[in-house]
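Participant: give me a 3D structure for the following:
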Amino acid sequence: MFEEAQYFAPVTTQDDGSVVVELAASHPGFADPVYRARRNAIAGLAAGYQRGMPIPVAEYSEQEHEVWAMVAGELAVKHEKYAVADYLEGAAKLGLPGDRIPQLEEVSEWLEPLTGFRYLPAAGLVPLRDFYGVLADGYFHSTQYIRHHSVPFYTPEPDVIHEVVGHANALASDRFARLYRSAGGAARRVESDEALEFVSKVFWFTLEFGVMSEGAELKAYGAGILSSYGEIEEFRGMDVRPLDLVAMGRTEYDITKYQDVLFRAESMEQLEDVVGGFWETCDDDSIAKLIHA
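Facilitator: Below you'll find the model as predicted:
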């Protein structure tokens, strides 16, 4: 989905079977041995997981629950102002707890009756084709760790706040859930890396960082914006361009900073027709024509 090797901290399995998350020196938790041990333990929960098993429970600390409560509470207020109606409707139906980090198994149990989606735990990097492919089956790969407590409103990588507050609320919406499934179908259908990258860029500029006209206002529906305390206040001032498949598929982006180029859908109907229609029908040949037009 992203330039994942940079976006996720590498995870390695040692000879004794233990899991180690390699944090960069610039990571807020790099010099915190307690946080690093927590990251290793939580990543280890996903190491041997197989689909169909109950998702292992992450025993979160009081401090970790406090980070969730602080960030989720602030984001909920901002969502009322900046999020599109379908996202807010999904959030209302899902009813995520505001005072604690929900377990992924809980989120799955709440989501499945709504749209059929369930979560799969991920230690870190998930190969591009695997990440997208399972969307077609109604599964979403998610990390379980939470950002470092010293900077609760910042994370250099997608944590459980991004994965659940950002994505689960959207996945609780029938219309957004159909778009996620369509993206998964497209990823499975295409064979070339070039076509898969094009599909992933369209996903990036829509379901991760998409914006939409709603009434007279510009609202956000992308999980990357809606889970970012800072970016949600800045997106209206970015270079906002009309929804354009070719432009999205050709545009490079920098994952280390706020997205300065965004693409605006004029309505949910346009997003479904243009982007959903593309994902439903695209193949290697049709994408090659778009890339080289």
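Participant: what segments of the chain are strands?
Facilitator: 11-13, 19-21, 118-121, 139-142, 211-214, 217-220, 239-242, 261-265 (DSSP state E).
Participant: would you tell me which of these gets closest to Val34?
Facilitator: Of all those, it is strand 19-21 that lies closest to Val34, at 13.5 Å by Cβ to Cβ. All C-beta atoms are positioned from the backbone trio N, CA, C, and that covers glycine.
Participant: pLDDT on the closest one, on average?
Facilitator: Per-region confidence: strand 19-21 scores 91 on mean pLDDT.
Participant: partner strands of it and their direction?
Facilitator: strand 11-13 (antiparallel) (DSSP bridges).
Participant: picking that back up, can the strands of the chain go into TSV with extra columns for mean neighbour count and distance to Tyr253?
Facilitator: Output for the strands of the chain, formatted as TSV (neighbours: other Cβ atoms under 10 Å; distance: least, Cβ to Cβ, whole Å):
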stretch	mean neighbour count	distance to Tyr253
strand 11-13	15	24
strand 19-21	20	25
strand 118-121	22	25
strand 139-142	22	20
strand 211-214	21	14
strand 217-220	20	16
strand 239-242	12	12
strand 261-265	20	7
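Participant: identify the residues contacting the spatially closest residue to Tyr221 that is not a sequence neighbour.
Facilitator: With Cβ to Cβ, 6 or more residues apart in numbering as the criterion, Tyr221 has its nearest non-adjacent residue at 4.5 Å, and that residue is Val84. When contacts are counted by Cβ atoms under 8 Å, 6 or more residues apart in numbering, Val84 is found next to 212, 214, 219-221, 268.
Participant: max-length helix in this protein?
Facilitator: Among the elements of the chain assigned as helix by DSSP state H, the one spanning the most residues is helix 62-82.
Participant: need the residues that contact that one.
Facilitator: Contacts of helix 62-82 with the rest of the structure, by Cβ under 8 Å, 6+ apart, involve 38, 60, 87-88, 91, 96, 98-101, 146-147, 149, 152-153, 160-161, 165, 219-220, 225-227, 229, 232-233, 235.
Participant: distance between that helix and the chain's centre?
Facilitator: Averaged C-alpha coordinates place helix 62-82 at 17 Å from its chain's average position (Cα atoms, centre = their mean, to the nearest Å).
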